[in-house]
Each structure stands twice: as structure tokens, then as C-alpha cells.
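**Student:** predicted structure and sequence below. I'll ask about it afterward.
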Amino acid sequence: LNILNKFIKSDKYENIYLLDERLKLNVNKKNIIIVKNNLASRVINLISLSYKLKKDDHIIFLNGLPPIFKFNCEVSVIFQNANLFRKFYKIPFFKWLFSRDFLRFLIFFFGKKNVNNWYVFSPISKKILHNNIKKYVSIKTLNIYDEYNNEVDTSNISEVEYDFIYPASFMGHKNHKMLFNILIKLSKKNIFPRVIFTLDPTSIKKVNFDNLKEKYNLKIFNYFEKDHDMFLKIYKKCNSLLYMSLSETIGLPIIEANKYGLFIIAPKLEYSYQFIQPDAQFDINSESELTSIIEECLKTNFKNKKKKIFKIPSSSISFDDFVKKII
């Protein structure tokens, strides 16, 4: 969305934008086409666009997937959809076969030959893409992290209210079950860390959030906010980020939490340390190891914080340079 907004604000009216209706962006320009959320509408609009394109034009797909047919001009794609590869998320074959991710994989498989340039946001994404393209094409890393690479913001809006925050949607690989199991076990030892989640209303019901809270007297809370700028303020009310996803290409909450000076706990997985070194890491398959870290953090009041150096991916392209090149 940041890239899209930069394009739209450039006021280059010869550019044509096809926007998914689900974005619900407040735009009113003649060069913007709202595309309905169905396959027929997408295909019809792309075919219509293809007749307007010239050889020296450049079309870019911000949705992570390549076009299903070839355009007679330069084509670029911003790739971020690693979940369409079964091996990356390690889900059962038949569960993947009957999912949307499998359909997206087919689009990727048959459309990848139609792309001239690929862009990614992280070293992990670049590696995954290289492994699945099987031949050399241009893959460049976009630096979207400058705003997170400035001085750490340690100012507080209010007193710290929560020991831990786990900002994640309720998807299988986000591993919420493990954290709930740990909190229940700690409650039986009369230890009640204050943990805030960011689950949507439907997910809250799925996990029986209120029932768990009442049954085990857990100090768990929930904060759901669609506005990202508003959401970021919640970090200032937390001591520590507890991140426990099984697989990520970026792990953006780690970067966000570092910006706000939180103590960072993350798994011993590649995504956890591709930009910074967390304060504590645990075996993703070991509830006991993570439990010990939580207990130690509460005991020491999160004092064992490390000095972190933010690692910008080498040979990355800045946001502004990328937009200038495309425009």
C-alpha cells in the first residue's frame, strides 16, 4: 500500500491503476479502475489493459503474483506470497491441494515466464523465489525499512500495561496454541504474565478466548485495530514482543517492536535474525524452553536486553528510487 500510494500521489495521469475493490481506498481519479473481487473481472480488465499497452510501457503487479498471460512490454512483480509454496509452510499435501494457495501456486507456476523483473522485501523471500524460478532473472530487494532504522523510540504514551504482546492473525503457522498451552501451565504454577493478542472478532470466538481467560484466571487481553498507525501505538504499552510464528518471510512485528525498544523474544529460525538479533531465542518445538524464558523475563523485569544493529539487505533499492524507476 505504501508503494501504491507513492504511485498515486505522483500525479502521473498517463499511468493506469487497477485496484482491488477490497482495498476501499478513497480515490477519485479518471486513471483508476476498480476491479471486482472475482476471477472474471480480473481477467477482463487485464485483457482490456493489454490492448492499451505499448512496447515501451512498464506494468507492475503489486499483488505478488505474475500475470497469467504475456504482455508486450516490460513486466515487474513484487513477490511476497511464500505461503503458496507447500514446502515453505510445511502443510499436508491434500490440505494445500484444496486451498487457495494451491490456485495461487498454479498462477505463479504458469505465469512466472511472463516476468522480466522480480522485487522482494527480504533475503528469505529472495532465496525462496530463486529456488522456485529455477533460472536466472532479475531479483532485487526493496528497502522498505528506513523508517524502522532510525533512533529507537523509547517515549511512553502511558505506563506499561502488558508484559508481552503477540501481534499475529489466527493462522495455523502463527502457533497460538503453543502460547495458550504455556500460559495455562504457568497459571498452575501461580504465574500470570499479562499478554495482549491482536486477534479479530471471529478468531477470538474460535479460540474460546473469554472461556480460557475465566477458566484459568489468565491475564490475557486483545487489541484489534485495522488502522496500522493506530495499531503501532500499542507497542508503547508493552515490555516485550513474544513472536512464535513457524515461518515468515519478513516477521515485521520484530522490526516494529525493535523500533519501540521492546525486549524481543523470537524462535531460532532464519527470519528472526535476518534484520536484528533478538534478545532471547527458543526452539520452536520446545514449550519448556520458551516457558523458562518467559519466567526469567518476569523475574528479571526484562533487564537482559541486547544492543541491536539493524541490518539493511545488501544491494537493496530504496523505496523512492524504485518508484522513480517505474514512473
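**Tutor:** Sure thing, it's come through.
**Student:** how many other residues sit next to G64?
**Tutor:** 18 (other CB atoms under 10 Å). Any C-beta I mention is one placed from the backbone N, CA and C, and that applies to glycine too.
**Student:** kindly provide the distance from it to F221.
**Tutor:** Distance of G64 to F221, given as CB to CB, to the nearest Å: 33 Å.
**Student:** pLDDT score assigned to the closest residue to I182 other than its chain neighbours?
**Tutor:** Nearest non-adjacent residue to I182, counting by CB to CB, 6 or more residues apart in numbering: T291, 5.2 Å away. On pLDDT, T291 comes in at 97.
**Student:** which SSE is T291 in?
**Tutor:** Per DSSP states H and E: T291 is located in helix 287-300.
**Student:** if you count contacts, what does that helix end up packed against?
**Tutor:** strand 162-166, helix 176-187, strand 238-242, strand 263-267, strand 280-282 (3 or more CB pairs under 8 Å, 6 or more residues apart in numbering; DSSP states H and E).
**Student:** mean confidence for the fourth one?
**Tutor:** Computed over strand 263-267, the mean pLDDT rounds to 97.
**Student:** again with the second one
**Tutor:** If you average the pLDDT over helix 176-187, you get 96.
**Student:** got the angle for it vs strand 238-242?
**Tutor:** Orientation check (axes from the mean of the first three to the mean of the last three CA atoms, to 10 degrees): helix 176-187 against strand 238-242 gives 130 degrees.
**Student:** and helix 176-187, what other elements does it pack with?
**Tutor:** Counting by 3+ CB pairs under 8 Å, 6+ apart, helix 176-187 packs on strand 195-197, helix 287-300.
**Student:** name the helices or strands packed onto the first one?
**Tutor:** This points to strand 195-197. When contacts are defined as 3+ CB pairs under 8 Å, 6+ apart, strand 195-197 sits against strand 162-166, helix 176-187, strand 220-222.
**Student:** name the residues of the first one that are buried.
**Tutor:** Meaning strand 162-166. Across strand 162-166, burial judged by 16 or more other CB atoms under 10 Å covers 162-166.
**Student:** now, the most widely separated pair of those?
**Tutor:** Pairwise distances across the buried residues of strand 162-166 peak at 11.1 Å for D163 and Y166 (criterion: CB to CB).
**Student:** residues in contact with both of the two, list them for me.
**Tutor:** Listed as contacting both D163 and Y166 by CB atoms under 8 Å, 6 or more residues apart in numbering are V195.
**Student:** what segments of the stretch 1-150 of the chain are helices?
**Tutor:** Here the stretch 1-150 of the chain has its helices, by DSSP state H, counting those that start in this stretch, at 2-9, 39-50, 86-89, 93-97, 100-111, 123-133.
**Student:** export only the CA atoms of the first one, formatted as PDB.
**Tutor:** Only the C-alpha atoms of helix 2-9 are listed here, as PDB (Å, rounded to 0.1, in the frame of the first residue of the first chain):
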ATOM      1  CA  ASN A   2       2.900   2.400   0.700                       C
ATOM      2  CA  ILE A   3       4.200   1.800  -2.800                       C
ATOM      3  CA  LEU A   4       0.700   2.200  -4.300                       C
ATOM      4  CA  ASN A   5       0.200   5.500  -2.500                       C
ATOM      5  CA  LYS A   6       3.500   6.800  -3.800                       C
ATOM      6  CA  PHE A   7       2.500   6.000  -7.300                       C
ATOM      7  CA  ILE A   8      -0.900   7.600  -7.000                       C
ATOM      8  CA  LYS A   9       0.500  10.700  -5.300                       C
END
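**Student:** so which elements touch that helix?
**Tutor:** Counting contacts by 3+ CB pairs under 8 Å, 6+ apart, helix 2-9 packs against strand 17-20, helix 319-326.
**Student:** go ahead and confirm N181 touches E287.
**Tutor:** Yes - here N181 reaches E287: they are 6.1 Å apart, a contact under CB atoms under 8 Å.
**Student:** how many residues are close by the nearest residue in space to L290 that is not next to it in sequence?
**Tutor:** Nearest non-adjacent residue to L290, counting by CB to CB, 6+ apart: F282, 4.4 Å away. Using other CB under 10 Å, F282 has 23 neighbouring residues.
**Student:** which strand residues bridge F282?
**Tutor:** Under DSSP bridges, the beta-bridge partners of F282 are P267.
**Student:** since that was my last question, I'll sign off now.
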